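A.B. asks: Have a look at this fold, sequence not included:
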């Protein structure tokens, strides 16, 4: 049974009400236009058959709510919203005049919401770009009254922060974790990153760790108060690679290998090394002067090659030199095979080569006694204060003056010795080969012995003559025998 009043119809058999619908199938069924099309008039319109109407896949359960601001429907400038139920399982929201672009927002029966898609796969599925205005609030994830995370931007969107919360609703325990800036710098644990990756640790132990799943090896990097570090914190070697090849390796023992992965010393280099010309004055330092390698002994630089030819040892100051075949002790300019400035002590013997087979033009030493008689032995003291670099002997000395001896035996005086005064000036000096005086002394003793024996014979002859004159028995034979024995 139907009761009609104007355009309102009530089906008394089921209680359904129809507006401009004579057969309402739902508790409230509205069809047709409910308002005029006057421009600027706000109105509601519910129908499924108006001009430009609903698409063919919208059944009569669908409805449209439209609030136009223009004089006709279907124009792009008309603002309207459409809601319709499709297949009893989805709710669509659209503002497209002719429905050609599909629904802009879809709500499924399982609660999934789609924006830009009619088939949302998650609770919120956005097919397209999304903009969150951080000036009005943060984008949060987590439990309402528990731990959570939030995103926010500052500086007009120039900086993006990732926060953690201990209470997402109240934002209690807020702590910045990651900062992204539009200048390309990114920070972990800092809100003012200075580099593309800037990590700051809140405690000791490093700000960066690299590990591999299933491995116990950790590579840590960080900065402590006053120092920075990078390396393994486990019992593993540390390698440096280029072009996927190991160039340097630090063993767990601290040995460093360059060009080798099995160093046997604190520094093991498999290849040549280049040493610069500048270095600190620390003991044990090696440097290249541009022509020679030098080592620092603590107070001075010592040549390691003897002038740069790479074959000889040398020194500066009081250290040992081996230069052009000569060895200097206490001198940097040795002029003899062994040149010693200072005292020398030995507990063994010193031998000089004297084999007859090595000699020629052998002649006896003559006038030894005469030469010895011309020598002028003196006592003296060295000028140690004026020549400190020579390490001259202290106290009273016995010897000869080289200039005096040169007039007698020039062969035993050398002119190749050098001395350095306290001003650092070098000068040539003369030296005496005292060993060469020994043969002269031996010759002088032999000559003196011969003279004494000759005089003894003369004396004995004179005694015989005297005994004969005085009539005394002659003891010539016994005396001569006794005299000869005594001389011998």
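C.D. replies: Received it, and whenever you're ready, just let me know what you need. Just so we're clear, the structure is a prediction, and the values are computed from it rather than from any experiment.

A.B. asks: Quick check: residue 453 is in a helix.
C.D. replies: Yes: Residue 453 forms part of a helix when assessed by DSSP: H, G, I helix; E, B strand; the rest coil.

A.B. asks: how many neighbours does it have?
C.D. replies: As a burial measure, residue 453 scores 13 neighbours (other C-beta atoms under 10 Å). (Glycine included, C-beta is placed from N, CA and C.)

A.B. asks: shaky segments in this protein?
C.D. replies: 1-6, 26, 30-89, 95-103, 136, 205-206, 306-325, 473-488 (pLDDT under 70).

A.B. asks: now with 50?
C.D. replies: 1-5, 33-88, 308-311, 323, 481, 484-488 (pLDDT under 50).

A.B. asks: Could you report the distance from the residue nearest to residue 105 when sequence neighbours are not counted to residue 107?
C.D. replies: The shortest distance from residue 105 to any non-neighbouring residue, by C-beta to C-beta, 6 or more residues apart in numbering, is to residue 93 (4.0 Å). Using C-beta to C-beta, to the nearest Å, residue 93 is found at 8 Å from residue 107.

A.B. asks: give me the number of residues near the closest residue to residue 275 other than its chain neighbours?
C.D. replies: For residue 275, ignoring the flanking residues on the chain, the nearest one in space by C-beta to C-beta, 6+ apart is residue 288 at 4.4 Å. Neighbour count for residue 288, taken as other C-beta under 10 Å: 16.

A.B. asks: From residue 142, how far off is residue 288?
C.D. replies: Distance from residue 288 to residue 142, by C-beta to C-beta: 63 Å.

A.B. asks: what does residue 191 give?
C.D. replies: 21 Å.

A.B. asks: Between those two, which has more neighbouring residues?
C.D. replies: Between residue 191 and residue 142, counting by other C-beta under 10 Å, residue 142 is the more crowded of the two (16 against 13).

A.B. asks: Now do the contacts for that one.
C.D. replies: Residue 142 makes contact with 148, 149, 165, 168 under the criterion C-beta atoms under 8 Å, 6 or more residues apart in numbering.

A.B. asks: wouldn't the first one be in contact with residue 173 here?
C.D. replies: No: counting by C-beta atoms under 8 Å, residue 148 does not reach residue 173; the two are 9.8 Å apart.

A.B. asks: who's more crowded, these two?
C.D. replies: residue 148 (19 against 13).

A.B. asks: Look up the closest residue to that one, ignoring the ones flanking it.
C.D. replies: Nearest to residue 148 is residue 142, by C-beta to C-beta, 6+ apart, at 2.0 Å.

A.B. asks: and the gap between the one you found and residue 164?
C.D. replies: 9 Å.

A.B. asks: Please apply the same query to residue 250.
C.D. replies: Relative to residue 164, and taking C-beta to C-beta, residue 250 is found at 36 Å.

A.B. asks: One more: residue 156?
C.D. replies: Counting by C-beta to C-beta, the gap from residue 156 to residue 164 is 24 Å.

A.B. asks: okay, those two: which has more neighbours?
C.D. replies: residue 164 (16 against 8).

A.B. asks: And the more buried one, its phi and psi?
C.D. replies: Residue 164 adopts backbone torsions of phi -120, psi 150, taken as degrees, to the nearest 10.

A.B. asks: surely it meets residue 151?
C.D. replies: No: counting by C-beta under 8 Å, residue 164 stays clear of residue 151, with 11.3 Å between them.

A.B. asks: number of nearby residues for the closest residue to residue 330 other than its chain neighbours?
C.D. replies: Nearest residue to residue 330 in three dimensions, chain neighbours excluded: residue 341, at 3.3 Å (C-beta to C-beta, 6+ apart). Applying other C-beta under 10 Å, we find 19 residues neighbouring residue 341.

A.B. asks: cool, the one 4 residues further on as well?
C.D. replies: Other residues lying near residue 345 total 4 when counted by other C-beta under 10 Å.

A.B. asks: for residue 111, same thing?
C.D. replies: 9.

A.B. asks: Could you find the closest non-adjacent residue to it?
C.D. replies: residue 123 (6.5 Å).

A.B. asks: mind checking how far the residue nearest to residue 148 is from residue 134?
C.D. replies: 17 Å.

A.B. asks: cool, residue 187 as well?
C.D. replies: With C-beta to C-beta as the criterion, residue 187 and residue 134 are 18 Å apart.

A.B. asks: and these two? which has more neighbours close in?
C.D. replies: For residue 187 versus residue 134, the count of surrounding residues by other C-beta under 10 Å is larger for residue 187: 22 against 16.

A.B. asks: Do I have it right that that one meets residue 199?
C.D. replies: Yes: between residue 187 and residue 199 there is a contact under C-beta under 8 Å: 7.4 Å.

A.B. asks: so residue 112 sits right up against residue 125, yeah?
C.D. replies: Yes: using C-beta under 8 Å, residue 112 and residue 125 qualify as a contacting pair, with a distance of 6.4 Å.

A.B. asks: who touches residue 418 in this structure?
C.D. replies: Contacts of residue 418 (C-beta under 8 Å, 6+ apart): 331, 333, 335, 426, 427, 428, 429.

A.B. asks: neighbour-wise, which of the residues you listed leads?
C.D. replies: Of those, with other C-beta under 10 Å as the count, residue 331 tops at 27 neighbours.

A.B. asks: Where does that residue sit: helix, strand or coil?
C.D. replies: Under three-state DSSP, residue 331 comes out as coil.

A.B. asks: Would you report the backbone torsion angles of the residue lying closest to it once chain neighbours are set aside?
C.D. replies: Computed as C-beta to C-beta, 6+ apart, the closest residue to residue 331 that is not its neighbour in sequence is residue 341, at 4.9 Å. Backbone torsions of residue 341, given as degrees, to the nearest 10, read phi -110, psi 110.

A.B. asks: May I ask you to confirm that residue 341 is in contact with residue 333?
C.D. replies: No: Residue 341 is beyond contact range of residue 333, at 10.2 Å (criterion: C-beta under 8 Å).

A.B. asks: And for residue 143, the neighbour number?
C.D. replies: 11.

A.B. asks: if I pick it, what's in contact with it?
C.D. replies: Per C-beta under 8 Å, 6+ apart, neighbours of residue 143: residue 168.

A.B. asks: Would you check how far apart the residue nearest to residue 148 and residue 173 are?
C.D. replies: Counting by C-beta to C-beta - residue 142 and residue 173 are separated by 12 Å.

A.B. asks: Mind listing the shared neighbours of those two?
C.D. replies: residue 165.

A.B. asks: any idea where the helices of this structure begin and end?
C.D. replies: 368-374, 402-406, 437-470, 476-487 (DSSP state H).

A.B. asks: Stretch 260-274 spans what distance, first to last residue?
C.D. replies: 17 Å (C-alpha to C-alpha, to the nearest Å).

A.B. asks: Pull the residues that contact that stretch.
C.D. replies: With C-beta under 8 Å, 6+ apart as the criterion, stretch 260-274 contacts 237, 239, 246, 249, 251, 254, 255, 256, 257, 258, 259.

A.B. asks: Would you mind listing the buried residues in that stretch?
C.D. replies: 260, 263, 268 (16 or more other C-beta atoms under 10 Å).

A.B. asks: Pick out whichever of those sits closest to residue 348.
C.D. replies: When those are compared for distance to residue 348 (C-beta to C-beta), residue 268 wins out at 40.5 Å.
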